[in-house]
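> Build me a model:
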Amino acid sequence: MTTRYSDEFQTEVEDFLASTRMKATDFGRESLGDPNFIRHLRKGRSPTLVTADRVRAFMEKVRQSRQASGKRTKLP
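Next up, the predicted model:
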């Protein structure tokens, strides 16, 4: 069975949420200005490539910020 890009993206986001313990609504609000983004993603929403790029850039920014601050949370 082939894995869809949107499934891989959702797994990446879910792993990030778990490792950072960030609330789904906070993630959506901070990354895209949409507190319902994760709820819609979990219900099958397939994000555009532009949206996926914005979300990934946000996750990278959070990772870099946490590394710079010395937080010991393991991030994907």
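
> Show me the contact partners of the longest helix belonging to the chain.
Under DSSP state H, the helix in the chain containing the largest number of residues is helix 49-69. Here helix 49-69 makes contact (C-beta atoms under 8 Å, 6 or more residues apart in numbering) with 9, 12-13, 16, 20, 22, 30-32, 37, 47, 73, 75. C-beta here means a position set from N, CA and C on the backbone, and glycine is covered the same way.

> Just to be sure, which of these are found in helices?
9, 12-13, 16, 20, 30-32, 37.

> Low-confidence ranges, this structure, go.
1-3, 71-76 (pLDDT under 70).

> circling back: can you tell me which of the ones in helices among the contacts of helix 49-69 are classed as buried?
9, 13, 16, 20, 31-32, 37 (16 or more other C-beta atoms under 10 Å).

> which ones are touching the residue nearest the centre of the chain?
Compute the mean C-alpha point of the chain, and by C-alpha atoms, centre = their mean the closest residue is V13, 3.4 Å away. Contact analysis of V13 by C-beta under 8 Å, 6+ apart lists 27, 38, 41, 55, 59.
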